[in-house]
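*Asks:* Sequence and predicted model, in that order:
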Amino acid sequence: MASSTPINDASQDVSDSINESLTAPFFPKEVVGRINRIRNLSTICDVRLFPSSIKFLIWNELCERFSFYGMKAILALFLLEHLGLTENQSTEVVHLFIVACYATPLIGAFMSDGFLGKYKTILYLSLVYSVGNWVMCLAAVIRPHEAFVISLCGTLLALVLVALGTGGIKPCIAAFGGDQIEECTSNGHVKDKLRGSFFSLYYFTINAGSLTSTLCTPILRSSLSYSVAFAVPAFLMMCAIIIFFLGRRAYVHKPPEKNVFVTVIKVIVDAIKLRNVESREDLNLAPLDVSRKSPCKSGSWLDVAKLRHNAEDVEDVKSLIQVLIILLPAPLFWSLFDQKASKWVFQSRDMDNGVRFLGDINILPDQMQVLNPFLILVMIPFFDQILYPCFQKRGFPLMPITRMLIGMLLCSLSFLISGLLQLAIESRAVEKNGFASTSSFMFLSPKFLSGLTGTKTKKIHILWQIPQYIVITLGEILFSITGISFAYSQAPASMKSVIQSIWLLTEAAGNLFTVITVAIIGDRLSKANEFFIFSGMCTCAMLLMMWIGSTFIYRHELTSDTAETREEADAMVFSDLG
C-alpha cells in the first residue's frame with residue numbers, strides 16, 4: 001500500500017488524506033492505511049488491530065483470575081466449616097496466604113528479569129499454580145474427622161503452591177502483554193492507542209473474572225460441595241495454561257535483561273560498608289578522580305556508594321528510597337482492606353441473608369465480596385471523568401498523596417461502620433430505636449428495615465454491609481490506583497520493576513500485620529472492638545503519611561502529560577489490581 005493516498009482517488013476524502021500524510025513519516029507503508037482507519041475508533045474496534053498474541057493473553061487472564069478469586073472467595077468458610085478451625089485461626093491462614101501471594105512476585109520478577117524471561121516464567125509457574133488448585137480440590141474431598149492432619153496439610157500445601165504460582169506470574173503477565181504491543185507496532189499514535197486499549201481490556205478481564213467467580217463458586221459450595229467448588233477454578237486454570245501455550249508461536253519474546261534488584265541491593269550494602277570511609281586510601285580500590293571522591297562528603301548516606309558504583313545507579317536508588325518512605329504507612333491500608341475476605345465474611349454469617357423484595361433469594365456470606373469489583377467498575381469512570389476533572393477546573397487538583405490520605409481515611413471509616421454494625425449484631429436489635437442507637441444508620445426507614453429483616457427475626461440483615469463495602473471501595477480507588485501510579489511515576493526509569501514488586505510487598509506486609517495483631521488480640525476483645533482498633537490504627541497511619549508527605553517534592557514525570565507516562569502507569573495499576 002502506498003504511503004499516501006492520491007488526491008484524485010474519489011473514494012478517499014480530504015481528511016483521510018491529511019491524516020495519512022501526517023502519520024506516514026512515522027510508520028511503515030503497510031500499516032498507514034490501518035492507522036488512518038483507527039484514529040477515532042472505539043476500544044472495541046481497536047481490538048481488531050491487536051497483535052494476534054493478545055487474544056491468548058486476555059483469555060488466559062480471564063481464566064486465571066476466575067481461578068484465583070473463585071478459590072479465595074470460599075477459602076475462609078472452607079477453613080472454618082470444613083476443617084473446623086476457629087475464626088481467628090481461619091483469619092490467620094487467609095491472611096498468611098495473601099502475604100505469600102504478594103511476596104512471591106519478587107521471585108517471579110527475579111526469574112523473569114534475570115534467567116528465564118517472561119514466557120517461561122509464566123508457563124512454569126502456571127503449572128505449579130495448577131497443581132496447587134488440584135491439591136486443594138483433593139484436600140476438600142478428604143473428611144477432616146477421618147484424616148484431619150492429611151486434610152490440613154493438603155490445604156496448606158495447596159495454598160503455598162497457588163501463592164507461588166499466582167504471585168510469581170503477577171509481575172510478568174501485564175508486562176508480557178505490553179511487550180507484544182511494543183514490539184509489533186511502530187511508535188506513534190497507534191501504539192499509544194493500542195497500549196491504552198490493551199490495558200483497559202486487561203483491567204476489564206480481571207474484574208470480569210472476579211465478578212463471575214465470586215458469584216458462582218459460593219453457589220457451588222452451598223448447593224454441591226467444597227470439592228466441586230474448588231474443582232471448577234482448577235479446571236479453568238488448566239484452560240488458562242492451554243490457552244497460553246497455544247499462543248507460543250505468536251508471542252514476541254524479549255530476552256532476560258540486567259536484574260535491577262541485584263543492583264539496588266549492592267548499592268545499599270556497599271553504602272553501609274563504606275559509611276565510615278573518609279578517604280580513598282581506606283579502600284582497597286583503584287584511584288578515582290575528584291568528581292567521584294566528593295560524594296563521600298555529601299549529605300546522603302548512599303552517596304558513598306558512588307565509589308564503587310555508577311553515579312546514576314546510586315541516584316536512582318536514592319530516588320527509589322524517597323518513594324519508599326512515603327509508602328511506609330501503606331501496609332495499614334491493606335491490613336484493613338483484605339479483611340473483607342475474612343472478618344467481613346464471618347460477620348455476614350451472623351446476619352439474615354434472605355431478600356424478600358427480590359423473590360426470597362438468599363445471599364451467601366461469601367457472595368457479598370462481589371460488591372467490590374462491581375463498584376470498582378462503576379466508580380472508576382466517575383472518578384476519572386467527573387470528580388478529578390471537577391476539582392481540577394476549580395483550581396483544587398487532588399494531588400496523589402492527598403488522594404491516598406483520603407483513601408486511608410475512608411478505609412478507616414469503613415471499619416468504624418463495620419464495628420457499629422457488629423454492635424448491632426451483638427445486641428440483636430430490630431426495632432428502630434435499638435438499631436439506630438447502635439448503628440447510627442438513620443437514612444433507612446423503619447418500614448424498609450422491617451422489609452429487610454422482618455419483625456420477628458433477631459438478626460440484622462446482610463444488606464447492612466453495603467455501606468461499608470461502598471466506603472472501602474471508594475478508599476481503594478483513591479488509595480490503591482492512585483498509589484501505584486504515584487509510585488511508578490516518581491520512581492526512576494530503571495527502577496520501575498522494583499517499585500512494582502515493593503508496592504505488592506506493602507500488601508504482603510499489611511496482611512502479615514493482620515496475622516500478628518489477630519494472634520495478639522485473640523479472644524480478649526469483642527469483634528466490634530477489634531474493628532474499632534483496626535480503624536484507629538489506620539487513622540494513625542494516615543496521619544503518619546500526612547506528616548511524611550508534607551515535605552515531598554514531586555518529580556517532573558508526575559505533571560508531564562505524555563501518553564507514554566500515562567500508559568506505563570496504567571500498566572502498573574492493572575497489574576497490581578490483578
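*Replies:* Yep, it's here.
*Asks:* any idea how far stretch 69-78 is from the chain center?
*Replies:* Centroid separation between stretch 69-78 and its chain, computed with Cα atoms, centre = their mean, to the nearest Å, is 18 Å.
*Asks:* What's the mean pLDDT across it?
*Replies:* For stretch 69-78, mean pLDDT is 87.
*Asks:* Quick check: residue 252 is in a strand.
*Replies:* No - counting by DSSP: H, G, I helix; E, B strand; the rest coil, residue 252 is not found in a strand; it is coil.
*Asks:* I'd say it and residue 53 touch.
*Replies:* Yes - proximity of residue 252 to residue 53 meets the contact threshold set by Cβ atoms under 8 Å, at 7.0 Å. Glycine gets a C-beta too; all of them are placed from N, C-alpha and C.
*Asks:* Those two: who's more crowded?
*Replies:* Higher neighbour count among residue 252 and residue 53: residue 53, with 21 against 15, using other Cβ atoms under 10 Å.
*Asks:* And the more buried one, how close does it get to residue 112?
*Replies:* 17 Å (Cβ to Cβ, to the nearest Å).
*Asks:* now do residue 80
*Replies:* On the measure of Cβ to Cβ, residue 80 and residue 112 end up 36 Å apart.
*Asks:* Those two - which one has more neighbours?
*Replies:* For residue 80 versus residue 112, neighbours defined as other Cβ under 10 Å are more numerous around residue 112 (28 against 21).
*Asks:* okay, now residue 520: neighbour count?
*Replies:* Using other Cβ under 10 Å, residue 520 has 8 neighbouring residues.
*Asks:* before we move on, what about residue 471?
*Replies:* When counting by other Cβ under 10 Å, one arrives at 20 neighbours for residue 471.
*Asks:* doesn't it fall inside a helix?
*Replies:* Yes - membership of residue 471 in a helix is supported by three-state DSSP.
*Asks:* Test my guess that it contacts residue 412.
*Replies:* No - here residue 471 lies out of contact with residue 412, judged by Cβ under 8 Å, at a distance of 9.5 Å.
*Asks:* Can you list the residue ranges for helices in the stretch 51-200 of the chain?
*Replies:* Taking DSSP state H, counting those that start in this stretch as the test, the helices found in the stretch 51-200 of the chain are 54-77, 87-103, 105-111, 118-141, 144-184, 189-223.
*Asks:* so which of those helices comes closest to residue 376?
*Replies:* Nearest of these to residue 376, taken as Cβ to Cβ: helix 189-223 at 6.3 Å.
*Asks:* Report the contact partners of residue 271.
*Replies:* Shown in contact with residue 271 (Cβ atoms under 8 Å, 6 or more residues apart in numbering): 301, 302, 303, 304, 305, 314.
*Asks:* redo that, cut-off 10 Å
*Replies:* Counting by Cβ atoms under 10 Å, 6 or more residues apart in numbering, residue 271 touches 300-309, 314, 317-318.
*Asks:* One more: residue 69?
*Replies:* Contacts of residue 69 by Cβ under 10 Å, 6+ apart are 206-207, 209-214, 217, 233, 341, 369-370, 373.
*Asks:* Same check on residue 506?
*Replies:* Residue 506 makes contacts with 102, 324, 327-334, 483-484, 487, as judged by Cβ under 10 Å, 6+ apart.
*Asks:* which stretches of the stretch 401-550 of the chain have low pLDDT?
*Replies:* Within the stretch 401-550 of the chain, the segments meeting pLDDT under 70 span 428-458, 488, 493-494, 496-497.
*Asks:* one more time with 80
*Replies:* Filtered on pLDDT under 80, the stretch 401-550 of the chain yields the residue ranges 426-459, 481, 484-501.
*Asks:* That one: helices as residue ranges?
*Replies:* Per DSSP H, counting those that start in this stretch, the stretch 401-550 of the chain has helices spanning 432-439, 446-453, 466-476, 482-490, 496-521, 527-549. These are given in chain order.
*Asks:* Please work out which of those helices is packed deepest.
*Replies:* Highest mean neighbour count of the helices of the stretch 401-550 of the chain: helix 482-490, a mean of 24 (counted as mean count of other Cβ atoms under 10 Å).
*Asks:* And it, what does it pack against?
*Replies:* Helix 482-490 is packed against helix 311-326, helix 330-337, helix 400-427, helix 496-521, helix 556-559, helix 563-577, with contacts defined by 3 or more Cβ pairs under 10 Å, 6 or more residues apart in numbering; DSSP states H and E.
*Asks:* which SS state does residue 300 fall under?
*Replies:* Criterion first, three-state DSSP; result for residue 300: coil.
*Asks:* Grab the nearest non-local neighbour of it.
*Replies:* Once flanking residues are discounted, residue 300 sits nearest to residue 318: 5.8 Å by Cβ to Cβ, 6 or more residues apart in numbering.
*Asks:* my read: that neighbour touches residue 304, true?
*Replies:* No - in this structure residue 318 lies outside contact range of residue 304 using Cβ atoms under 10 Å: 11.7 Å.
*Asks:* of these two, who's got more company?
*Replies:* residue 304 (22 against 17).
*Asks:* Report the distance from stretch 537-554 to the chain centre.
*Replies:* Mean-position distance between stretch 537-554 and its chain equals 21 Å (Cα atoms, centre = their mean).
*Asks:* Extract the C-alpha trace of stretch 133-146 and format it as CSV.
*Replies:* The C-alpha trace of stretch 133-146 is given here as CSV (Å, rounded to 0.1, in the frame of the first residue of the first chain):
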residue,chain,number,x,y,z
ASN,A,133,-5.5,-25.9,42.6
TRP,A,134,-6.0,-29.7,42.3
VAL,A,135,-4.3,-30.4,45.6
MET,A,136,-6.8,-28.0,47.2
CYS,A,137,-9.6,-29.9,45.5
LEU,A,138,-8.4,-33.2,46.8
ALA,A,139,-7.9,-31.8,50.3
ALA,A,140,-11.6,-30.8,50.2
VAL,A,141,-12.6,-34.4,49.3
ILE,A,142,-11.0,-35.8,52.5
ARG,A,143,-13.2,-35.7,55.5
PRO,A,144,-11.4,-33.9,58.4
HIS,A,145,-12.9,-36.0,61.1
GLU,A,146,-11.4,-39.1,59.4
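*Asks:* pLDDT averaged over that stretch - what is it?
*Replies:* Mean per-residue pLDDT for stretch 133-146: 84.
*Asks:* got the buried residues for it?
*Replies:* Buried residues in stretch 133-146, counting neighbours by 16 or more other Cβ atoms under 10 Å, are found at 133, 134, 135, 136, 137, 138, 139, 140, 142, 144.
*Asks:* Contact partners for the fifth one?
*Replies:* Contacts here follow Cβ under 10 Å, 6+ apart; on that basis residue 137 touches 71, 154, 158, 226-235.
*Asks:* next one: the first one
*Replies:* Residue 133 makes contact with 67-68, 70-71, 158, 161-162, 165, 230-238 under the criterion Cβ under 10 Å, 6+ apart.
*Asks:* Kindly recompute the last result at 6 Å.
*Replies:* Counting by Cβ atoms under 6 Å, 6 or more residues apart in numbering, residue 133 touches 233, 234, 237.
*Asks:* ditto for the fourth one
*Replies:* Taking Cβ under 6 Å, 6+ apart, we find residue 136 in contact with 158, 230.
*Asks:* One more pass at 10 Å, please.
*Replies:* 71, 75, 78, 154-155, 157-159, 161-162, 226-227, 230-231, 233-234.
*Asks:* re earlier: closest one of the contacts of residue 271 to residue 117?
*Replies:* The shortest approach to residue 117 among the contacts of residue 271 belongs to residue 317, at 25.2 Å (Cβ to Cβ).
*Asks:* With that, I have no additional questions.
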